[in-house]
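Q: Could you look at this predicted model? Sequence included:
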Amino acid sequence: MNIPLLIRKKRDGGILTQEEIAAFVEGYTRGSVPDYQASALLMAIYFRGLDARETADLTQAMVRSGQTLDLSGFSQPKIDKHSTGGVGDKTSLVVAPVAAAAGLLVPMISGRGLGHTGGTLDKLESIPNFNTQLSLGEFYRVLRVCSMAMAGQTAELAPADRKLYALRDVTATVESIPLISASIMSKKLAEGIDGLVLDVKAGSGAFMKQLEDARALAQRMVEIGVASGKRVRALITDMSQPLGCAVGNALEVVECLETLAGRGPQDLLQLCRELAAQMFVLGGLDTSLEAARTRFDSVLASGRPLETFGRVIAEQGGDPHVLEDYTRFPQAKWQESLVASGDGYVEELEAETIGRASMVLGAGRERVDSAIDPAVGIVFEKKVGDSVETGERLCTLHANDADRLARAKEMLRGAIAISRQPPASRPLVLERVEA
Ligand code: URA
């Protein structure tokens, strides 16, 4: 394959054939296509885009670059859920145990946080000794015992994506709808699932700030899934304020355990119910969303999801006693609160700045390889729409460094707006996208 010709074709707005895309992905994975040619093609794609067929071909070529999980030995419907990422976005840790306890198989391959958004693997690693780097054999074993497993991408699954994502990260080509769609979907299709529910975030704390962009991303990913013979649906959900109250790794896991115990914040619980209900319908457990929501409530009330999560923790090497004793999580040295300077209503909790403040505390990473502090973060006592009085606590910062604490506090002051009038209520689920 003549790679410069292929780059020129895309640079000039042409449409790549399936063979051209396959040759590029194979060559890049093997190392015969160098980074400089791959970078040029990625930039051409960034500017010229890929149509639906090209994106599906890119996704399939990335799936074929490695192995696909063989889940044929499992009798349950195999349904996963994936979020495009946000601030305080922790639904996986609630939804997966509920879905597994309800009778689905959830083979969840997750990622790390980057920038102001968090990642499931970082949250799980705040559980003492929890191992997210499972071999395929270990992943199957945990699935057999728990009907779910949560781990990072192994070297065997979609290696082309691993290599391309790292290159995109350093060539300013991450923010491209076809490239994001192919990247996410290649990893999910390699899981060998029957169906997938996508939570596509829209708003300040999301990748996609605008609803139109979130819609285009959701549509493209649903198209790819359906073209691959999978049942796929997407919910576009609000990410203008953090989800739930906790932002920061150990703090978020505690909030998920509380939610599994029936004491979670309302918005987190509502979104988990909607996502799980979609999974139940895709998996054939229910024929209507209403019945699926009722199933969510009764499965959660049974206490089985919390037991399932405890079993996953133990099977993946973690300390299952965190369920009864939250002090076993890493604790920050300092806790300092921010209080309201006037009476009124919380009008805004600007998600991106809050995500960046939590990064300043050490909860998130600037670069893929930076270290994070599992103990630090922010817990909100007030959410958008809540009334506040002068001197009342708005949130508490958990910090391990005085200088970082001061900087994060200053940022948070600018991210919280209080108004005299209650703000108009915003729906959590903005749209649903299906084929
Ligand atoms: N997450 C991914 O896995 N890939 C992207 O391209 C963006 C977010």
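A: Yep, it's here.

Q: Could you check how far Phe24 is from the ligand?
A: 17 Å (CB to the nearest ligand atom, to the nearest Å). All C-beta spots, glycine's among them, are computed from the backbone N, C-alpha and C.

Q: Shouldn't that residue be within a helix?
A: Yes. Assigned with DSSP: H, G, I helix; E, B strand; the rest coil, Phe24 falls within a helix.

Q: Now for it, how many residues are close by?
A: Per other CB atoms under 10 Å, the neighbour tally for Phe24 reads 23.

Q: Give me the distance between it and Gln67.
A: 20 Å (CB to CB, to the nearest Å).

Q: ok, now Arg273?
A: Arg273 is 34 Å from Gln67, by CB to CB.

Q: Between these two, which is the more surrounded one?
A: Arg273 (22 against 16).

Q: Hmm, Glu274 and Val429 touching each other?
A: Yes. Between Val429 and Glu274 there is a contact under CB atoms under 8 Å: 5.7 Å.

Q: Neighbour count: these two, which is higher?
A: Taking neighbours as other CB under 10 Å, Val429 and Glu274 compare with Glu274 leading, 23 against 14.

Q: Enumerate every residue touching that one.
A: 235, 293, 428-429 (CB atoms under 8 Å, 6 or more residues apart in numbering).

Q: Out of the residues you listed, flag the one nearest to the ligand.
A: Leu235 (17.1 Å; CB to the nearest ligand atom).

Q: ok but that closest one is inside a helix, no?
A: No. Leu235 sits outside any helix when classified using three-state DSSP, being strand.

Q: Just grab the bridge partners of it for me.
A: Asp199, Arg432 (DSSP bridges).

Q: pLDDT score for the residue in the chain that the ligand sits nearest to?
A: Going by CB to the nearest ligand atom, the ligand is nearest to Ser183 of the chain, at 3.4 Å. Per-residue confidence (pLDDT) for Ser183: 95.

Q: start at 16 instead
A: Yep, numbering from 16; the last one is Ser198 now.

Q: can you confirm it is in a helix?
A: Yes. Judged by three-state DSSP, Ser198 forms part of a helix.

Q: That one: how many residues sit nearby?
A: Residues near Ser198, counting by other CB under 10 Å: 23.

Q: So for Val444 and Glu289, which residues contact both of them?
A: In terms of CB under 8 Å, 6+ apart, Val444 and Glu289 are both contacted by the residues Leu250.

Q: Quick check: closest non-adjacent residue to Glu273.
A: In space, and not counting its chain neighbours, Glu273 is closest to Gly279: 5.4 Å by CB to CB, 6 or more residues apart in numbering.

Q: Show me what counts as buried in the helix or strand of the chain with the lowest mean pLDDT.
A: Taking mean pLDDT, DSSP states H and E as the measure, the helix or strand of the chain with the lowest value is helix 174-185, at a mean of 92. Using 16 or more other CB atoms under 10 Å as the test for burial, helix 174-185 gives 174-180, 183.
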